[in-house]
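*Asks:* Sequence unavailable; structure follows:
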Ligand code: NAD
């Protein structure tokens, strides 16, 4: 059974090669190197009790190799919980390729990476992530069938962002129902931070329902486009945390829920798409709950993208992916209820629920 520990605490003991992976509960970590193509990648398989470990490949210019390892361990662990709580028969995995995605990408590099993925015989299934695209996955696919997130023309699900946005919307509505007894977002003041692939789709859903949406992004062109398409109001400053709002939806970066911002936040609900919103899970999850802010755990409500790629494994059908994503509403309500009953932060309630399913299904598989 996976121990629910604060990730930072679990990985600080780096006194041995195995230390970081053992402490975070990983099954396998694969270091991949190819001199010819310059490939340096790490594949981390956290847990495969529920099924093959699925998670995207991040292409990132890490400052150090230790930083890349830390990132892939953290991300793959998050995927285990995301898949479990979404009721998917998938484990948690992730890969990182160390390099500059603007300069270092090439067909041979991705095909070499595909060979490494293939060597795991389906124990790890890859997909696109930050710094990689469906085009890159086409190259990976030339060397392995263990890849999802392919273009629609190849039988894939295409861009998962609209499905992710729909799940976030469901999680937001469930949080509203938990707090106000009604899931309507009509007239609610919502700030969406980051109107990229997911944020833009979320703003469309919110404005359609009559929410009063304000948007913020560092990309002015995108801000103007989303504002003119949806009527959302553009905020002039990125420093909006103490603004009067009902709901804050982080859809840009991680770690925006930290000691500084939580002290300033006046909203009632936080529900957004960004991964790893809590700078430090234990510290900031608790801070939010002590402040009475209802937090919809990111890995629960942004699972639509994962549900979408999972659907590719059995023959893609967007309707089915959306139906499965709609269940995020009920899951989120359950988590808020459990957190309130047990008087614990929501991130912890969600992690425990995910962990319980892994333990229960693990026993079923062993015939216990
Ligand atoms: P994206 O890159 O398309 O959009 C992110 C947007 O945030 C961009 O428009 C960018 O300009 C903006 N941004 C960056 N820094 C900012 C800042 N400091 N302040 C305001 N805006 C800023 O990414 P996306 O695919 O929309 O994903 C958004 C978040 O959701 C990411 O954290 C991602 O990991 C997470 N997520 C995405 C999916 C998916 O299906 N795309 C699934 C799960 C989680």
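*Replies:* That came through fine. Here the structure is a predicted model, which is why all the values come from computation and not from measurement.

*Asks:* Show me the strands in the stretch 101-250 of the chain, by range?
*Replies:* Residue ranges of the strands in the stretch 101-250 of the chain, as given by DSSP state E, counting those that start in this stretch, are 124-125, 189-193, 212-216, 233-234, 247-250.

*Asks:* Pairing partners for the fourth one, with directions?
*Replies:* When pairing is defined by DSSP bridges, strand 233-234 lines up against strand 212-216 (parallel).

*Asks:* Just give me how far the partner strand sits from the chain centre.
*Replies:* Between the mean C-alpha location of strand 212-216 and the chain-wide mean there is a distance of 22 Å, by CA atoms, centre = their mean, to the nearest Å.

*Asks:* Residues in contact with it: which ones?
*Replies:* 187-195, 199, 203, 206-207, 223, 226-227, 230, 232-235, 237-238, 240, 243, 245 (CB atoms under 8 Å, 6 or more residues apart in numbering). C-betas here are computed from N, CA, C, even on glycine.

*Asks:* What about the residues you listed, which are in helices?
*Replies:* Secondary structure assignment by DSSP state H places 199, 203, 206, 207, 223, 226, 227, 230 of the contacts of strand 212-216 in helices.

*Asks:* per-residue confidence at residue 1?
*Replies:* For residue 1, the model assigns a pLDDT of 45.

*Asks:* near the ligand, which residues of the stretch 201-350 of the chain show up?
*Replies:* Where proximity means CB under 6 Å from any ligand atom, the interface of the stretch 201-350 of the chain facing the ligand comprises 216-219, 222, 238, 251-253, 273-275, 302, 305.

*Asks:* again, 8 Å this time
*Replies:* Within the stretch 201-350 of the chain, the residues that sit near the ligand (CB under 8 Å from any ligand atom) are 216-219, 222, 238, 250-254, 272-276, 298, 302-306, 308.

*Asks:* and the residues you listed, which are buried?
*Replies:* By neighbour count, with 16 or more other CB atoms under 10 Å, those hold 216-217, 222, 250-252, 272-276, 298, 302-306, 308 as buried.

*Asks:* taking these one by one, which sit in helices?
*Replies:* Among those, the members falling in helices (DSSP H) are 222, 298, 304, 305, 306, 308.

*Asks:* So which of the residues you listed is the closest to residue 125?
*Replies:* Here the nearest of these to residue 125, counting by CB to CB, is residue 306; it sits at 11.1 Å.

*Asks:* Which secondary structure element is home to the closest residue to that closest one other than its chain neighbours?
*Replies:* Closest residue to residue 306 in three dimensions, ignoring its sequence neighbours and counting by CB to CB, 6 or more residues apart in numbering: residue 82, at 5.8 Å. Secondary-structure element containing residue 82, defined by DSSP states H and E: helix 65-85.

*Asks:* so which residue of the chain comes closest to the ligand?
*Replies:* residue 196 (1.8 Å; CB to the nearest ligand atom).

*Asks:* Now do the same contact list for that residue.
*Replies:* Counting by CB under 8 Å, 6+ apart, residue 196 makes contact with 217, 219, 222, 251, 252.

*Asks:* Equivalent analysis for residue 287, please.
*Replies:* With contacts defined as CB under 8 Å, 6+ apart, residue 287 is in contact with 259, 262.

*Asks:* give me that answer again for 10 Å
*Replies:* Going by CB atoms under 10 Å, 6 or more residues apart in numbering, residue 287 touches 257, 258, 259, 262, 263, 265, 278, 279, 280, 293, 295, 345.

*Asks:* Just give me the residue right at the centre of this protein.
*Replies:* When the chain is reduced to its mean C-alpha position, the nearest residue by CA atoms, centre = their mean turns out to be residue 275, at 4.5 Å.

*Asks:* sorry, back to before: tell me which two of the ones in helices among the contacts of strand 212-216 sit farthest apart.
*Replies:* Largest separation among those by CB to CB: 206 and 223, giving 15.6 Å.

*Asks:* so what pLDDT did the nearest residue to residue 312 once chain neighbours are set aside get?
*Replies:* Distance criterion CB to CB, 6+ apart; nearest residue to residue 312, sequence neighbours excluded, is residue 148 at 4.6 Å. pLDDT, the model's per-residue confidence, is 92 for residue 148.

*Asks:* Same question for residue 134.
*Replies:* On the pLDDT scale, residue 134 gets 87.

*Asks:* for residue 354, same thing?
*Replies:* According to the prediction, residue 354 has pLDDT 97.

*Asks:* ok, now which ones touch it?
*Replies:* When contacts are counted by CB under 10 Å, 6+ apart, residue 354 touches 2, 4, 50, 80-86, 92, 297, 299-300, 335.

*Asks:* again, only this time at 6 Å
*Replies:* Neighbour list for residue 354: 81, 84, 85 [criterion: CB atoms under 6 Å, 6 or more residues apart in numbering].

*Asks:* Can you give me every residue that contacts residue 336?
*Replies:* With CB under 6 Å, 6+ apart as the criterion, the residues that contact residue 336 are residue 178.

*Asks:* thinking again about what came up before, compile the strands of the stretch 101-250 of the chain into a markdown table and extend it with columns for mean pLDDT.
*Replies:* Rendered in a markdown table, the data for the strands of the stretch 101-250 of the chain read as follows (pLDDT from 0 to 100):
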| stretch | mean pLDDT |
| --- | --- |
| strand 124-125 | 98 |
| strand 189-193 | 98 |
| strand 212-216 | 98 |
| strand 233-234 | 98 |
| strand 247-250 | 98 |
